[in-house]
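# Take a look and give me a structure for this.
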Amino acid sequence: MNEQQETPRKRRRKRPERYVDLQVHTTFSDGTRSPTEVVKLASAAKLKAVAITDHDTIDGIPEALAQGTRSRIEVIAGLEIAANCLTGIMDILGYFIDIASPSLESRLRRLRESREERNPKIIAKLQDMGVDIVYGEVIEIAGGATVGRPHIARVLVQKGCAKDIDEAFRRYLGRNAPAYVPKERPSSGRAIELIRDAGGVPVLAHPDTIDIGLEGDLDLLVARLVREGLLGIEVMYSGYEIKTTTSLTRLAEKHNILAAGGSDFHGDPGSDIQIGTGKGELRVPYRFAESLRDAARLVRRKTAEPAHG
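Prediction:
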């Protein structure tokens, strides 16, 4: 046996796991940090990639992409759309959106207009309840972003009407609260279609927030959404316990759809949700983003195929 044979074979070093955050919001919807700031935070958190998923808009994506190049971090073009379901409201995330899609912006504009039309009605309800608030205060705190209920909530917190954003929603703005005003929303099928038409991958967001009761009902709901074109489900989320992630992962496997995960970071002052880590325990593997990217390629390929018949 020669010297070379006697030398033990060097073990390959296992590449460290890389992480992502696939649900982050900026000032272009209801976040408090600009796209540039969000990407810098993601880079500082040593993330491999971050997805910008503002509500009903992709306007912040170009700025985020530019900062991603400077910070050497992958930025995923995404969005989040609230949709109607049989039992209430659900959120559908879209990943790897083609922001140059000719029809996407006009369709998103209508969703934003619906959001903007209800805001004065919410303010009127609050005023009827004796709350000292005017719409101009909400516009100011939004700082040029599309105004939504979170901006109204921030004004309520500033005025001492609620201790934090969550309480503002519970007491005034949530679905069962006295100042709630419904807005026009697409059906789940329409939201999924909009995302896929823009070359994106539709994913059911934080399914635990959907008012559907028993776990069996979620199984039936996911089955219906898959028939409508859903391609994934958010299995990791801020505050999820391991058993919740495990259950949702099994559900994804049962329906042969992809897994996703994100912090739902908004940058709210005092919030314990941080980008990349959520409430401290969140670690979304980069392979989730890789699988979503592969799925987006298939979506675009099928969208580009000519129809026959």
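
# Assess the claim that Y95 and V203 are in contact.
Yes. Judged on C-beta atoms under 8 Å, Y95 makes contact with V203 at a distance of 6.5 Å. In this view, the C-beta of every residue, glycine as well, is placed from N, C-alpha and C.

# So for the two, which residues contact both of them?
G232, A260, L292 (C-beta atoms under 8 Å, 6 or more residues apart in numbering).

# Just the ones of these in helices?
If you go by DSSP state H, the shared contacts of Y95 and V203 have L292 in helices.

# Among the shared contacts of Y95 and V203, find me the one that's closest to L225.
G232 (10.1 Å; C-beta to C-beta).

# Strands of the stretch 1-150 of the chain, start to end?
In the stretch 1-150 of the chain, the segments counted as strands under DSSP state E, counting those that start in this stretch are 19-24, 49-52, 74-85, 88-95.

# residues of stretch 252-272 that come out buried?
252, 257-268, 271 (16 or more other C-beta atoms under 10 Å).

# Lowest-confidence one in those residues?
When these are compared by pLDDT, D268 scores lowest at 80.

# dump the residue contacts of that one.
Applying C-beta under 8 Å, 6+ apart, the residues contacting D268 are T32, P150, R154, I165.

# And the furthest pair within those?
By the measure C-beta to C-beta, T32 and I165 form the most distant pair in the contacts of D268, at 10.5 Å.

# Which secondary structure element of this protein has the lowest mean pLDDT?
helix 3-6 (a mean of 49; mean pLDDT, DSSP states H and E).

# that older thread, closest to A44 out of the shared contacts of Y95 and V203?
Lowest distance from A44 to the shared contacts of Y95 and V203 (C-beta to C-beta) belongs to A260, with 22.6 Å.

# close enough to count as contact, the closest one and L22?
Yes. Counting by C-beta under 8 Å, A260 does reach L22; the two are 5.2 Å apart.

# Quickly list what's touching both of the two.
Joint contacts of A260 and L22 (C-beta under 8 Å, 6+ apart) are L93, Y95, E234, V284, F288, L292.

# Near the second one, how many other residues are there?
This means Y95. As a burial measure, Y95 scores 27 neighbours (other C-beta atoms under 10 Å).

# For beta bridges, what are the partners of it?
G78, V201 (DSSP bridges).

# give the contact list for it.
Per C-beta under 8 Å, 6+ apart, neighbours of Y95: 22, 51, 76-78, 200-201, 203, 232, 260, 289, 292, 296.

# May I see those residues organised as a markdown table, with distance to D59 added?
Output for the contacts of Y95, formatted as a markdown table (distance: C-beta to C-beta, whole Å):
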| residue | distance to D59 |
| --- | --- |
| L22 | 19 |
| A51 | 15 |
| I76 | 16 |
| A77 | 11 |
| G78 | 13 |
| G200 | 16 |
| V201 | 20 |
| V203 | 21 |
| G232 | 24 |
| A260 | 22 |
| A289 | 22 |
| L292 | 22 |
| A296 | 20 |
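
# Quick check: which ranges of the stretch 201-309 of the chain have low pLDDT?
Low-confidence segments of the stretch 201-309 of the chain (pLDDT under 70): 212-216, 306-309.

# all helices of it, in order?
Along the stretch 201-309 of the chain, counting by DSSP state H, counting those that start in this stretch, helices occupy 215-228, 242-254, 286-304.

# Distance to V131 for these - can I get that in CSV?
What follows is these, written out as CSV (distance: least, C-beta to C-beta, whole Å):
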stretch, distance to V131
helix 215-228, 36
helix 242-254, 36
helix 286-304, 42
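
# List just the one of those that sits closest to R171.
Per C-beta to C-beta, nearest to R171 of these: helix 242-254, 26.9 Å.

# CA atoms of that closest one as CSV?
The C-alpha trace of helix 242-254 is given here as CSV (Å, rounded to 0.1, in the frame of the first residue of the first chain):
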residue,chain,number,x,y,z
ILE,A,242,-43.5,22.8,14.2
LYS,A,243,-46.7,20.7,14.3
THR,A,244,-48.5,23.2,12.1
THR,A,245,-45.7,23.3,9.6
THR,A,246,-45.6,19.4,9.6
SER,A,247,-49.3,19.2,9.0
LEU,A,248,-49.3,21.7,6.2
THR,A,249,-46.3,20.0,4.6
ARG,A,250,-48.2,16.7,4.5
LEU,A,251,-51.1,18.5,3.0
ALA,A,252,-48.8,19.9,0.2
GLU,A,253,-47.4,16.5,-0.4
LYS,A,254,-50.9,14.9,-0.5
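
# Just want the angle from that helix to helix 215-228.
40 degrees (axes from the mean of the first three to the mean of the last three C-alpha atoms, to 10 degrees).
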